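Visitor: Model the structure of this input:
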Amino acid sequence: MFGQAGPDFYPYLIVLLGLAIFVGILILYAIAVYNNLVAKRNRYKNGFSQIDVQLKRRHDLIPNLVETVKGYMAHERGTLEAVISARNAAVNVTSKVAANPGDPESMKQLAVAEGNLMAGLGKLFALAEAYPDLKANQNMSNLQEELSSTENRVAFARQGFNDQVTDYNTYREGFPAVVFAGMFGFFPASLFELESPSDREVVQVKF
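Guide: Numbers count the residues shown, from 1 in each chain. Sure thing, here's the model as predicted:
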């Protein structure tokens, strides 16, 4: 019987008790790491939701912009179509990224799509410089102001998202989180980085 175990049994009992305590501490530590990873992942996902709001605002402004300028720039049809095409591509990619922010391939696609869109808008505004009547259009002026404001908000939200991703990645790569991260399905997240130094500049939307 257990109650009649001899002295030789006590060392084994102590070892078993120590092992149980160690396993219990390990489980508690794993739970704490898991909870921290969840919290940090949720923060950067929420950070992307702020980018998503501003990108959608920009995407919604572009059809109005094209509608405003096409009456003045009818012979620049190729440029207008390129802007709309880039806008539609950016909308599709943004929706994809919103479902899984931080995914490396999706974030790369977003950077390319937004870079193409901004390049198209830059060309459009450069061409619009040659149309005095368009420059005097009140609707155009309002759109310029809204786009400029949106660009600033996108830049601010992008910085916040990148800070949160960096915090998550730093924690994930540190010990002991690195031991549990892959096991729990927490993989590295990618920053929202623009494709080239010129893309980092806010598009000039004022004449």
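
Visitor: and the gap between the spatially closest residue to Glu114 that is not a sequence neighbour and Val154?
Guide: Excluding the flanking residues, the one nearest Glu114 by C-beta to C-beta, 6 or more residues apart in numbering is Ala90, at 5.7 Å. Heads up, the C-betas are built off the backbone N, CA and C, glycines and all. Distance from Ala90 to Val154, counting by C-beta to C-beta, to the nearest Å: 12 Å.

Visitor: got any residues that touch both of these two?
Guide: Residues touching both Ala90 and Val154 by C-beta atoms under 8 Å, 6 or more residues apart in numbering: Leu55.

Visitor: Compare these two (neighbour count), which wins?
Guide: Ala90 (25 against 21; other C-beta atoms under 10 Å).

Visitor: Does that one touch Val112 like I think?
Guide: No: contact criterion C-beta atoms under 8 Å: Ala90 and Val112 do not qualify, at 9.4 Å.

Visitor: Show the pLDDT at the most centrally placed residue in the chain.
Guide: Central residue of the chain (C-alpha atoms, centre = their mean): Phe48, 4.3 Å from the mean position. Phe48 is assigned a predicted lDDT (pLDDT) of 97.

Visitor: Just give the closest residue to it, not the sequence neighbours.
Guide: Pro101 (3.6 Å).

Visitor: helix, strand or coil for the closest residue to Ala128 other than its chain neighbours?
Guide: Distances taken as C-beta to C-beta, 6+ apart put Leu134 closest to Ala128, at 5.5 Å, once the chain neighbours are dropped. Recorded secondary structure, Leu134: helix (DSSP: H, G, I helix; E, B strand; the rest coil).

Visitor: which regions of the chain lie under the pLDDT threshold?
Guide: 1-9, 195-207 (pLDDT under 70).

Visitor: And the helix ranked longest in the chain, what does it pack against?
Guide: In the chain, with assignment by DSSP state H, the single longest helix is helix 9-69. If you count contacts as 3 or more C-beta pairs under 8 Å, 6 or more residues apart in numbering; DSSP states H and E, helix 9-69 packs onto helix 77-99, helix 104-128, helix 138-173, helix 177-184.

Visitor: Buried deepest among the ones you listed, which one?
Guide: When the helices and strands packed on helix 9-69 are scored by mean count of other C-beta atoms under 10 Å, the highest mean neighbour count falls to helix 104-128 (a mean of 19).

Visitor: Okay, angle between that one and helix 138-173 too, please.
Guide: Between the axes of helix 104-128 and helix 138-173, defined by axes from the mean of the first three to the mean of the last three C-alpha atoms, to 10 degrees, the angle is 160 degrees.

Visitor: by contact count, what packs against helix 104-128?
Guide: Against helix 104-128 (3+ C-beta pairs under 8 Å, 6+ apart) you get helix 9-69, helix 77-99.
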